[in-house]
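Peer 1: Build me a model:
(2 chains)
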Amino acid sequence: MPKLAEPPAVAAKFKAGDRVRVRKTAPLGHIRTPFYIRGHAGEIERLCGAFPNPEELAQMRSGLPAQPLYRVRFRQKEVWPDYRGPDSDVVEIEIFQHWLEKA
Amino acid sequence: MNDQGAYKPFTYYQLMETSLRELLVEKGILSDEQVNAEVAAMRARQPERGARVVARAWTEAAYKKRLLANATAACEELGLEIPGLHLVAVENTPQVHNAIVCTLCSCYPRVLLGIPPDWYKSRNYRSRMVREPRAVLAEFGLRIPDGTQIRVHDSTADMRYLVLPMRPKGTEDWDEARLAGIVTRDAMIGVAVPTVTGG
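Peer 2: Prediction:
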């Protein structure tokens, strides 16, 4: 069987180790970027691939071109200044590229 | 009628589910048989599937490497169907303890672990696991030393996660099937660790 064509995707702007900040914005609709992480800076752990944009899918649109999805690692102490635990503890979250800017 | 056989008024979501299901059947989009078959298939998926994957990784170093590189492909190698899912396996070590949560809803690797436990879907677990994971784990009876990093994975988009726990000491001469017997659902979510007694 011939391989199906990959859906069109936006080019990945970041690579593992890059410092990024999550955009601090509050658009309406179906958003997969948790509120608690908006505005915080972290480090790209890996690129997961490109996936249709869930904000568009929720509006019954195609979600294409697909958006690169990353796993981003944040220090708990940076996310929650009163975090009770060692400095090394982290939280890792999947975030779409259009929510990230260079930190 | 609920599973226990007692009559109770429908809750809001039960009423929504029943109404939608009856409409879909009435319009010929789905049949009752299809709905029942899907429910049966969902119930048939149990954490034993994930335990097989963990036990294989514990006994075969090359398999573990493949699992950590591409968990979807590694599960398919064992004949586990992972339809359209992107699985990521995260490895516990003496330096790192991993735990999984979905703060936005209740994303869960159902193909490997079956139906999620109620607590996984609770607001309590979902909101506190990212905020105070050490306190939440302690409530599960799991105390992680300060020298071990905790990595909480918030499963917010297209990936699903499986924790690869550490193989307990004292199991060196165990075979794969016996090892699989002590890998619990909670250990693969990261709120417990396997013990030789399987408790």
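
Peer 1: Now do residue 69, the pLDDT please.
Peer 2: Just so you know, I chose chain A. You'll see A:Leu69 listed with a pLDDT of 96.

Peer 1: Oops, wrong one, chain B.
Peer 2: 96.

Peer 1: again with A:Val72
Peer 2: pLDDT, A:Val72: 98.

Peer 1: After the lengthiest strand in chain A, heading C-terminal, what element do we hit next?
Peer 2: The longest strand of chain A (DSSP state E) is strand A:41-51. Scanning forward in sequence from strand A:41-51 by DSSP states H and E, the next helix or strand is helix A:54-57.

Peer 1: what's that next one in contact with?
Peer 2: Helix A:54-57 is contacted by residues A:Pro27, A:Gly29, A:His30, A:Ile31, A:Arg32, A:Ser62, A:Gly63, A:Leu64, A:Phe96, B:Ala157 when judged by C-beta atoms under 8 Å, 6 or more residues apart in numbering or on different chains. All C-beta spots, glycine's among them, are computed from the backbone N, C-alpha and C.

Peer 1: PyMOL command to pick out the buried ones of the residues you listed?
Peer 2: A single PyMOL command selects the buried members of the contacts of helix A:54-57 (16 or more other C-beta atoms under 10 Å in any protein chain shown):
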select buried, (chain A and resi 31+32+63+96) or (chain B and resi 157)
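
Peer 1: Switch the contacts of helix A:54-57 over to TSV; also include pLDDT and secondary structure.
Peer 2: Below are the contacts of helix A:54-57 laid out as TSV (pLDDT from 0 to 100; DSSP: H, G, I helix; E, B strand; the rest coil):
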residue	pLDDT	secondary structure
A:Pro27	92	coil
A:Gly29	91	coil
A:His30	92	coil
A:Ile31	93	coil
A:Arg32	94	coil
A:Ser62	93	coil
A:Gly63	94	coil
A:Leu64	94	coil
A:Phe96	97	strand
B:Ala157	90	coil
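
Peer 1: I'd like to know the average pLDDT value across the one helix or strand B:Ala41 maps to.
Peer 2: For B:Ala41, the element it lies in under DSSP H and E is helix B:32-44. Mean pLDDT, computed over helix B:32-44, is 91.

Peer 1: send the alpha carbons of that helix over as PDB?
Peer 2: Output of helix B:32-44 as PDB, limited to C-alpha atoms (Å, rounded to 0.1, in the frame of the first residue of the first chain):
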ATOM      1  CA  ASP B  32     -27.000  -1.000  20.200                       C
ATOM      2  CA  GLU B  33     -24.800  -4.000  19.400                       C
ATOM      3  CA  GLN B  34     -22.000  -1.700  18.400                       C
ATOM      4  CA  VAL B  35     -22.300   0.400  21.500                       C
ATOM      5  CA  ASN B  36     -22.300  -2.800  23.700                       C
ATOM      6  CA  ALA B  37     -19.300  -4.200  21.800                       C
ATOM      7  CA  GLU B  38     -17.400  -1.000  22.400                       C
ATOM      8  CA  VAL B  39     -18.200  -1.000  26.100                       C
ATOM      9  CA  ALA B  40     -17.200  -4.600  26.400                       C
ATOM     10  CA  ALA B  41     -13.900  -3.900  24.600                       C
ATOM     11  CA  MET B  42     -13.200  -1.000  26.900                       C
ATOM     12  CA  ARG B  43     -13.900  -3.200  30.000                       C
ATOM     13  CA  ALA B  44     -11.700  -5.900  28.600                       C
END
